[in-house]
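Enquirer: Take this sequence and fold it.
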Amino acid sequence: MSFTIRRRTQKLLCKMNIVGIFSILVTTITCADIRLEMSKFQRIKDALQCNQLHYNKFPENFLWGFATASYQIEGGWDADGKGRNIWDTFTHRNPSPIVDGSTGNIACNSYKNFRTDVQLVKATGAKVYRFSLSWSRILPNGNLAEKNQKGIRYYNQLIDELISNGIEPMITLHHWDLPEVLMEIGGWPNEELIQYFADYARLAYESFGDRVKYWITFNEPTVICIFGYSNGWHAPGIKKPATAPYQCAHTILKSHAMAYRIYESEFKQKQNGMVGITLECPWFEPESDSTENIAAAERALQFNHGWFGSPIFFGKYPDIMKEYVDAKSQSEGRKVSRLPKFDQHWSNLLKGSWDFFGLNHYSSKMVRAVESTGEPGWETDQDNFRFYDPSWESAASSWLKVVPWGFRSLLNWIKETYGNPLIFITENGFSGDYNEGINDTRRINYYNQYIKSMLKAVVLDGCNVASYTAWSLLDNFEWARGYTERFGVHHVDFSDPERRRTPKESAKFLAKIFADNGF
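Expert: Numbering: from 1, shown residues only. So this is what the prediction gives:
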């Protein structure tokens, strides 16, 4: 059966929350079957009593936990020898690019309150805590010329505190806060950063790798390159959509490959850890079952997830991405495509540079095939229009709609596209507004639906998911939205100098899921 037919089938089954029959039907269903009225699928669902899945369990040793990021929670922006990063610079601009004019100067004050944070993690029964290192706290100038021992000591204390409380640390090397001095030489579009990142990664492995078994090189590089270098919504605020995002991605991919191979050759045998990357991706649902819209949805997936996933698995950019960007570059009169190419050396380094695959997933989008117009760049190169179904429930974040069946669809797409890799869900969560209190019933509803969709993907579809870290442990600085949106399962009082934390009802809900290993 073609992938198009399988996708149509899965779409119908996922929408109806049909369980236990996808793997049976995919080998026999036909185009005519797809056109069966939804009432028939409803009868199948009723006959199979599919609600039973709501009480199933995840595999033994499934890792449950929470995720945070350095700039969003630490504060201590200029404390103890820390260097300036691009978010320090960006948030201190006048006028401020942040919706509420805020900064991460103090944030959740986790630089001082990390022991409290660890006790919050422990109280939920979580077994893993994902956090990121502040590159400029460890290397104030971004290079090995000056190592900040106070910064290294802070992360050693955090790691030791986690381990002493029975919690595995999972470290992200780069979660968007590039040292400012490296931005001054061009930031991620400059391939000089490959060696700087390699040196930083090696230092991290040397300093913490005896106790850390899970490493993530980059968090959401698509966001780094599009929001940072195309539309300028995030630091460093550059708006060069035609070429800068592709140059940014090219450097990041090479930096990831270097960091992975350094661990593989110098540390893996002794430290026995794992290295991966975290990609963010919505599910893209075709507006209709037309061939054009289905192809447009596949392009959206390849321009998002495949942009980084394909090089890491196959050593090359997606064929459809190369076809479209090359053609558009030629039509613009360019002699060279705006999408760079990997030579054989880099292709070899990239291919297979993963031990697990991190996935951040929050929501879904609808897709319609269009012939894009406007300024050349990643957004228009795809020839599709991406939008939200107005019937979908919305969180406080305008981009976050509650579409739990999209989660299962995306996991199945990753399984089929990349050969069922080991997946860690490294972020998934729901935003409330600033005035949200501790009775966060909508967040509970979100987690309930999304974790059940993940359960279906694991138990019924055979997707190889081994870990889930919810976003987020704490309300925190949400980038361009400042403190106007809250993602935490613990309420943080940002008017309190000590940033008092209070568990929300969602913390109790997740603690029950963690304890039961499912439903």
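Enquirer: From now on I want contacts and neighbour counts done on CA atoms only, so please keep to that.
Expert: Fine.
Enquirer: Not including adjacent chain positions, what is the nearest residue to residue 308?
Expert: Computed as Cα to Cα, 6 or more residues apart in numbering, the closest residue to residue 308 that is not its neighbour in sequence is residue 253, at 7.1 Å.
Enquirer: Mind listing residues that contact whichever helix or strand that neighbour is part of?
Expert: Taking DSSP states H and E as the criterion, the element that holds residue 253 is helix 244-266. The set of residues external to helix 244-266 that reach it, using Cα atoms under 8 Å, 6 or more residues apart in numbering, is 187-191, 193-195, 197-198, 201-202, 205, 217-218, 221-222, 225-226, 229-230, 275-277, 308, 311-312, 338-340, 346, 349-350, 353-354, 378.
Enquirer: just stretch 139-154 next, same as before
Expert: Stretch 139-154 is contacted by residues 80-84, 111, 135-138, 179-182, 196, 199-200, 207 when judged by Cα under 8 Å, 6+ apart.
Enquirer: list the buried ones in the helix or strand that residue 444 is a member of?
Expert: With elements taken from DSSP H and E, the one containing residue 444 is helix 441-459. Buried residues in helix 441-459, counting neighbours by 16 or more other Cα atoms under 10 Å, are found at 443-444, 446-459.
Enquirer: so residue 337 sits right up against residue 330, yeah?
Expert: Yes: the pair formed by residue 337 and residue 330 meets the contact definition of Cα atoms under 8 Å, at 7.0 Å.
Enquirer: and these two? which has more neighbours close in?
Expert: For the pair residue 337 and residue 330, the greater number of neighbours falls to residue 337 (18 against 14), based on other Cα atoms under 10 Å.
Enquirer: can you give me the helices in the stretch 301-450 of the chain?
Expert: If you assign secondary structure with DSSP state H, counting those that start in this stretch, the helices in the stretch 301-450 of the chain sit at 307-314, 319-331, 344-350, 378-381, 404-418, 441-459.
Enquirer: Same question for the stretch 51-200 of the chain.
Expert: In the stretch 51-200 of the chain, helices defined by DSSP H, counting those that start in this stretch lie at 70-73, 86-91, 110-123, 135-138, 149-164, 180-183, 193-208, listed in chain order.
Enquirer: Residue 366 is nearest to which of those helices?
Expert: helix 70-73 (30.0 Å; Cα to Cα).
Enquirer: Check which residues of the closest one are buried.
Expert: By 16+ other Cα under 10 Å, the buried positions in helix 70-73 come out as 70, 71, 72, 73.
Enquirer: and if you look at stretch 250-265?
Expert: 250-264.
Enquirer: how near is residue 154 to residue 460?
Expert: Taken as Cα to Cα, to the nearest Å, the spacing of residue 154 relative to residue 460 amounts to 43 Å.
Enquirer: er, residue 478 I mean
Expert: The value you get for residue 478 to residue 460, if Cα to Cα is used, is 35 Å.
Enquirer: same check, this time on residue 500
Expert: Computed as Cα to Cα, the residue 500 to residue 460 distance reads 42 Å.
Enquirer: re the thing from before, what's the ChimeraX syntax to select whichever of the contacts of stretch 139-154 are buried?
Expert: To isolate in ChimeraX the members of those that are buried, counting by 16+ other Cα under 10 Å, one can use:
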select :81,82,83,84,111,135,136,137,138,179,180,181,182,199,200
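Enquirer: Looking at the buried residues of helix 70-73, spot the one nearest residue 287.
Expert: Using Cα to Cα, the buried residues of helix 70-73 come closest to residue 287 at residue 72, 35.6 Å.
Enquirer: Identify the residues contacting residue 221.
Expert: When contacts are taken as Cα under 8 Å, 6+ apart, residue 221 is in contact with 249, 252, 279, 308.
Enquirer: Quickly name whichever of these is closest to residue 321.
Expert: The shortest approach to residue 321 among the contacts of residue 221 belongs to residue 308, at 11.3 Å (Cα to Cα).
Enquirer: count of neighbours near the closest residue to residue 189 other than its chain neighbours?
Expert: Here the nearest residue to residue 189 in space, its sequence neighbours aside, is residue 248; by Cα to Cα, 6+ apart that works out to 4.1 Å. Under the neighbour criterion other Cα under 10 Å, residue 248 is assigned a count of 23.
Enquirer: Can you tell me how far residue 248 is from residue 396?
Expert: On the measure of Cα to Cα, residue 248 and residue 396 end up 30 Å apart.
Enquirer: which intervals of this protein have sub-threshold pLDDT?
Expert: Along the chain, the parts satisfying pLDDT under 70 run over 1-54.
Enquirer: and residue 124, what does it touch?
Expert: Contacts of residue 124 (Cα under 8 Å, 6+ apart): 507, 508, 510, 511, 514.
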